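K.L.:
A predicted structure for the sequence below; I have some questions about it.
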Amino acid sequence: MSTVVTIGGPAPYDVVIGHGLAEQLPALVGSAATVVTVADAKVEGRVPALHDALRAAGHEVVGLTVGAGEAAKSLEAVAGLWDQLGALRITRSDAIVAIGGGATTDSVGFVAATWLRGIRVVHLPTTLLGMVDASIGGKTGINTAAGKNLVGAFHQPAGVLVDLDVLSTLPGPQWVEGMAEVVKAGFIADPTILDLIELDVTAAATPRGPHTRELIERSVAVKAEVVSRDPRESGPREFLNYGHTLAHAIEQVEDYRIPHGHAVSIGLVFAAALGRRSGRLDPAIADRHTEILSRLGLPVSYRPDAWPTVSDVMRIDKKTRGTVQRFVILDGLGKPAILEDPDPSLLEAAYSEVAA
């Protein structure tokens, strides 16, 4: 049985969660004459079954590949895809399918948003990060020297297929990395997620745990509810960036050599410390961040000497308004809020709690 979570807004679509979902892909590409699949090079083994399903439904199919991870989110990689779409004479009557992790859905979604000012795209995430976060909500983007995801567009997919079968071959470290976003969803909106993890942390650290599907479904539901109310990040959608201000700065400073989920884990501990030190978050809830993340095997500290650099990078953040820095913190479990223009000494004190 598949679970369907509907994303509302001006262009509603479904996130389908289940097993063996290849046969559902043709319905999502609609009447597209040509379907271009763009797959992360690491998951090319998933592509033949999808091509077979598309061809059986009468579509012309062309397969392209992109580099794995953040390498896909460069202007050079995107320009290469634009050139290939041009050579294939792809029109607005055609469609693109993104197959891969969050970096792939981000970059391919951006290509779909900008090619002919927008053509149909379908996402098939193959990592936990992609399933619960990047593929949902229509945010697309690439990285530049100025920062992560600062260039992008809102472009809603026609649908998202979360095929749980891919988890059978997902490396353990990649699963654990994705758990950072699951934990984030628990703290900002659904504390039951945290309870399920704490019931058996060892099981939660593997895709074969008894609560795997429920953790994914609950995390998807959290994101779906927020982006349905705020499709263009003009209000509560900012709360999904809990932990991400420091995380994105760390990723940029490390030239994206640190996995996104690891950076988010550190960023969550920093955000919890910031909430506690500003007098708005109970110390026990702040400590719960560190306990859960570290028990899952995620990092909770970063280089103490990096503060001057990361603090400077954090000033170039999507939440910043003029010279006013804004951070997502918690006022309690499931109660995200914005902390505006905190004193630099408060930020440095919070960072001291993640300094290794």
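P.N.:
Thanks, I have the structure now.

K.L.:
pLDDT of stretch 250-269, averaged?
P.N.:
If you average the pLDDT over stretch 250-269, you get 97.

K.L.:
ok, and for that stretch, which residues are buried?
P.N.:
Buried positions in stretch 250-269, judged by neighbour count with 16 or more other Cβ atoms under 10 Å: 250-254, 256, 258-269. Placement of C-beta: from N, CA and C, glycine included.

K.L.:
do stretch 323-337 as well
P.N.:
Of the residues in stretch 323-337, those buried (16+ other Cβ under 10 Å) are 325, 326, 327, 328, 329, 330, 333, 335, 336, 337.

K.L.:
and if you look at stretch 60-78?
P.N.:
For stretch 60-78, burial by neighbour count (16+ other Cβ under 10 Å) applies to 61-63, 65-67, 69-74, 77-78.

K.L.:
what about the helices in this protein?
P.N.:
Secondary structure of the chain (DSSP state H): helices at 25-29, 47-56, 75-87, 102-114, 128-129, 172-188, 191-199, 201-204, 212-229, 244-253, 260-277, 283-296, 307-313, 344-352.

K.L.:
the domain parsing of the protein - what is it?
P.N.:
Split into domains by automatic domain parsing, the chain comes to 3-169, 172-352.

K.L.:
what mean pLDDT does the shortest one have?
P.N.:
In this model, domain 3-169 carries a mean pLDDT of 96.

K.L.:
now it: how far from the chain's centre is it?
P.N.:
The chain centroid and the centroid of domain 3-169 are separated by 13 Å, computed with Cα atoms, centre = their mean, to the nearest Å.

K.L.:
for stretch 291-300, same thing?
P.N.:
Offset of stretch 291-300 from its chain centre (Cα atoms, centre = their mean): 19 Å.

K.L.:
between its first and last residues, how far does it reach?
P.N.:
Distance across stretch 291-300, first residue to last, is 9 Å (Cα to Cα, to the nearest Å).

K.L.:
mind listing what's buried in that stretch?
P.N.:
Neighbour counts over stretch 291-300 (16+ other Cβ under 10 Å) mark 292, 293, 296, 298, 299, 300 as buried.

K.L.:
between the buried residues of stretch 323-337, which sits nearest residue 344?
P.N.:
Nearest to residue 344 among the buried residues of stretch 323-337: residue 325, at 9.4 Å, using Cβ to Cβ.

K.L.:
I'd guessed the closest one sits against residue 338; true?
P.N.:
No - counting by Cβ atoms under 8 Å, residue 338 is not a contact partner of residue 325; they are 10.5 Å apart.

K.L.:
shared neighbours, those two?
P.N.:
Common neighbours of residue 325 and residue 338, using Cβ atoms under 8 Å, 6 or more residues apart in numbering, are residue 319.

K.L.:
so residue 218 touches residue 195, yeah?
P.N.:
No - Residue 218 lies out of contact with residue 195 (Cβ under 8 Å); the separation is 10.6 Å.

K.L.:
quick check: bridge partners of residue 329?
P.N.:
residue 337 (DSSP bridges).

K.L.:
and it, what does it touch?
P.N.:
Contacts for residue 329 were tallied using Cβ under 8 Å, 6+ apart; they are 242, 271, 272, 274, 275, 278, 280, 281, 336, 337, 338, 339.

K.L.:
buried subset of the residues you listed as a PyMOL selection?
P.N.:
Per 16+ other Cβ under 10 Å, the buried members of the contacts of residue 329 correspond to this PyMOL selection:
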select buried, resi 242+271+272+274+275+278+281+336+337+339
